[in-house]
Structures are given as structure tokens and as C-alpha cells.
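[1] how does the following fold in three dimensions:
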Amino acid sequence: MNSFNYYQPTEIIFGCGKINEIGQKVAEYGMRCLLVTGSKSSVKSPVYEKVKENLRKEGVKVFHFDKVVENPTTDVVDEGSEIVKDNNIDVIVGLGGGSSMDTAKAIAVGATHEGCAWDYKLFSTKKITEKVLPIIAVTTTSGTGSQVTAVSVITNSNEKLKYALYDKQIFPKVAIIDPEIMMTVPEHITASTGFDTFCHAFEGYIHKDSNPYTDFLALESISITVKYLPILVKNLNNKEARIEMALADTYAGLVISNSGTTLPHGIGMAIGGHAPHVKHGEALAAIYPEFAKYTYKASLDKFSKIARVFNDELKNLDKIKAAELFKDEITKFISEIGMYSTLSNLNVDEKELENIADDTMKLPDYSVNPKVPTRDEVYGMLKRIY
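    This next block holds a predicted model:
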């Protein structure tokens, strides 16, 4: 076995009904809380009210910031940061999907550091310090893994750039994962976030920094997702499937918090910067068949192993052929969960493909892919995906 390091400072509270522990946990870190969510008028409003009531019972004063948007922007983060400063907030709760949790992390940085949160993005000369406020993450979807990662993805609308803050200081102190509050997630978001779970686990598995422990978690996450996501998409009230997907998402988040993502996520983030209406999972689903065709020969063992997770009949084939058929298996899976699409169908402007290719190369994800592409190869993929 190769030597490896693994780091995970987040306390994980998993299970049905665990949302009721939110007040107690927040009170351990502060008594003036900024609750960061999507709109109060959303379907999640009853969950927001339940959380606020629980916090108040513990004596926590709650300030509710409900302006999170999909593909959260620097403007939203800056507004939330000012509220924190003006009200002496001492703990941040991100309640929702990845957008809410990522916004909460960025606000925790922006409110405590000179300048704004965007100044501390990946590769910046400014570094996030221990001054960052404590973050409690409560996920209402099964897909982003943000509840257990040190990443906050935000978009600068002026630059058309979707980028990440990344630092151990923004690991949530506590992650609450309660599958019962995920029961109302609609079909398309269930499928989109669920496919993101698969991508996190798979890309962490093939990542150059993968290790035996992350591989173990990735394989378990992939196996759960392949089995349960199609079941869940067909029956959104299947509680067992909700629980299993919440577990798969958490495992996948733990994987990428120690290895990372590869080429599809780099392209997907670049797409999000230039076409913010496209959901992250939608971009990934469009990318994956072409990415598989491009990459499989550089990681035959792992592509063949996951192809056989999809289709047990491939176990009788040699690994080269099985790895090659990964593309067909992932395409079938994407179609089964209703996510198959092209960039054209997603209303991505064809004129933006050059810019998307350029921005893909600004993130490190492409460089840790088993086969490292050039900018022109990325552009070629985008043209074929279109």
C-alpha cells in the first residue's frame, strides 16, 4: 500500500431527524448567526422556519440572508459580508444546496478579511487566515458535497468567470446531513445533483492525488449512485434511496476534499461562468461521454472497473475493451436519469466556446486529468459536445 495523507476536520452529523440538532451545534460556536439560504418564498421555506425556531430555542439570535442564487455571484457574497460586519455576527450557517453552502463559506471569508472574498480565490497572492468565521453547513440536496469540503465556488459576473476559493480554513466546523429534508427536491434537481455526486467520486478516483482511502470511499459512492439514483429519479418519495444518495454525496465530498476533481469539472465551471443559467450537473452530463472517449486509455484499470460497476456483463471482457465501453455505459446512465443533452440544447452560445476553452485552462482541474489536454483539445471537445 502506498503511503498517503488524509485530512477531514468537519464533524459529520448524519441521519433522519438530525436537523433538530442545529441549534445546539450553532450555539457551540456563537450566539449571533447569519442564516444563508435561497429565497424565503422557495419550497424550502418550512425548513428555514424550522431551523430558525430551533436556533432561537437555544438563545441564538438569527439574521436571515435569503438572497442566494444558483451559481452564486460576488455581488451576493459582498452583500452578505456587509451584513455580518454590521451586526457583529460570529457564526455562519449555510442551509440549502451547494450554492447556499458555498455562499456561506465565501461570506465567512469576505466579512473577516481585507478587501472582498473574490480577492482570496485560488492562486491569489492573498491567503485566507484563521480569522474566518466558523461555518455550519446543512445540505438539502445530495450532490455538491460542499458540506464536507474546503471549497467555495462563486462567479464574478463582470469577468464571466466561475472560480473557487480553496483553503483548509473554510472547511465547515459541522455538517448536518438529514435525508428527510431532501424529500421535496424535484426530479431534475435530484438527477442533476445526483450526477454531480457520481462525478465527484469518479473524478476523485482517477485523480493523480487519489489514494487507497479516497479510492475506497469513491468506489462505495459510485456503487450507491449507480444503484439508487435511477430508482430515486423514478420515485422521489423513496426514503431509502434518499438516504443512500445522501450517504453517497457525503462520501464523494470526502473524496474530493482530499484528492480533487479533473477535466470535466474544469470545463463545467468554465461553462457556468459564460452560461450561468446552466446547472452544474447539466454541464457535466453534456461533457462526460466526450471526456470518457478522450481519457479512458490513460486510466484503463479504473475506467474498466467502473464500467463493470455499471454493467456486470463486462467482467468477461479484457480491461481495454471494458474501459472503452465506459463511454457507452455512462451515456446510458445519463439518459436513464433524464440528463442527456448537448451544449446547444442547454442554450450555450456557440460564440462562447473559445472563451470557455480559455477559462478551462485557468483552473487546475485539467492538469490532474489522467490525460492532460491542450487548450485546443478542450476546444475540440466543446465543439463536439455542442
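
[2] just the pLDDT for the residue located most distally from the centre of the chain.
    Distance from the C-alpha centroid of the chain, by Cα atoms, centre = their mean, peaks at residue 316 (34.5 Å). Note on residue 316: pLDDT of 92.

[3] next: residue 165.
    Reading off the confidence values, residue 165 has pLDDT 96.

[4] which residue is the nearest non-sequential neighbour of it?
    Leaving aside its sequence neighbours, residue 165 sits nearest to residue 152 (Cβ to Cβ, 6 or more residues apart in numbering; 4.3 Å). The way it works is simple: take the backbone N, C-alpha and C, and place the C-beta from them, glycine included.

[5] who are the neighbours in contact with the one you found?
    Contacts were defined as Cβ atoms under 8 Å, 6 or more residues apart in numbering; by that measure residue 152 touches 102, 103, 105, 106, 109, 117, 146, 164, 165, 166, 170.

[6] pull out the buried members of the residues you listed.
    Using 16 or more other Cβ atoms under 10 Å as the burial test, the contacts of residue 152 include 102, 103, 105, 106, 109, 117, 146, 164, 165, 166, 170 as buried.

[7] I'd say residue 255 and residue 202 touch.
    No. At 9.3 Å, residue 255 does not count as touching residue 202 under the criterion of Cβ atoms under 8 Å.

[8] joint contacts of those two?
    Common neighbours of residue 255 and residue 202 are listed as residue 218 (criterion: Cβ under 8 Å, 6+ apart).

[9] those two: who's more crowded?
    residue 255 (33 against 28; other Cβ atoms under 10 Å).

[10] name the nearest residue to the more buried one, sequence neighbours excluded.
    Spatially, and ignoring its direct neighbours in sequence, residue 255 is nearest to residue 204 (3.6 Å; Cβ to Cβ, 6+ apart).

[11] host element of the one you found?
    helix 187-206 (DSSP states H and E).

[12] mind listing what's buried in that helix?
    Applying a neighbour-count criterion of 16+ other Cβ under 10 Å, one finds 189-206 buried in helix 187-206.

[13] for this structure, which segments count as strands?
    11-14, 32-36, 61-65, 91-96, 135-139, 151-156, 161-166, 174-177 (DSSP state E).

[14] can I get those in JSON lines with distance to residue 242?
    Conversion of the strands of the chain to JSON lines gives the following (distance: least, Cβ to Cβ, whole Å):
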{"stretch": "strand 11-14", "distance to residue 242": "12"}
{"stretch": "strand 32-36", "distance to residue 242": "23"}
{"stretch": "strand 61-65", "distance to residue 242": "26"}
{"stretch": "strand 91-96", "distance to residue 242": "16"}
{"stretch": "strand 135-139", "distance to residue 242": "12"}
{"stretch": "strand 151-156", "distance to residue 242": "24"}
{"stretch": "strand 161-166", "distance to residue 242": "28"}
{"stretch": "strand 174-177", "distance to residue 242": "11"}
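
[15] quick one: which of these is nearest residue 44?
    Comparing the strands of the chain against residue 44 with Cβ to Cβ, the closest turns out to be strand 91-96 (6.7 Å).

[16] can you show me the CA trace of the closest one as CSV?
    Only the C-alpha atoms of strand 91-96 are listed here, as CSV (Å, rounded to 0.1, in the frame of the first residue of the first chain):
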residue,chain,number,x,y,z
VAL,A,91,-21.1,32.1,13.2
ILE,A,92,-22.4,31.4,9.6
VAL,A,93,-25.0,28.7,8.7
GLY,A,94,-25.3,27.7,5.1
LEU,A,95,-28.6,25.9,4.6
GLY,A,96,-29.5,24.6,1.2
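
[17] how far off centre is that strand?
    Here strand 91-96 shows a centroid-to-chain-centroid distance of 16 Å under the convention Cα atoms, centre = their mean, to the nearest Å.

[18] now that strand and strand 151-156, what's the angle there?
    80 degrees (axes from the mean of the first three to the mean of the last three Cα atoms, to 10 degrees).

[19] what pLDDT is listed against the nearest residue to residue 257 once chain neighbours are set aside?
    Nearest residue to residue 257, sequence neighbours excluded (Cβ to Cβ, 6+ apart): residue 149, at 4.5 Å. You'll see residue 149 listed with a pLDDT of 98.

[20] next: residue 1.
    Turning to residue 1, the model gives it a pLDDT of 55.

[21] still on that earlier bit, doesn't residue 261 make contact with the residue nearest to residue 255?
    Yes. When contacts are counted by Cβ under 8 Å, residue 204 is listed as touching residue 261 (6.9 Å).

[22] can you give me the helices in the stretch 1-150 of the chain?
    Using DSSP state H, counting those that start in this stretch, the helices of the stretch 1-150 of the chain run over residues 22-27, 45-57, 74-86, 98-110.

[23] check these for me and report the most buried one.
    helix 98-110 (a mean of 30; mean count of other Cβ atoms under 10 Å).

[24] what number of residues lie near the closest residue to residue 98 other than its chain neighbours?
    Excluding the flanking residues, the one nearest residue 98 by Cβ to Cβ, 6+ apart is residue 144, at 2.9 Å. Per other Cβ under 10 Å, the neighbour tally for residue 144 reads 28.
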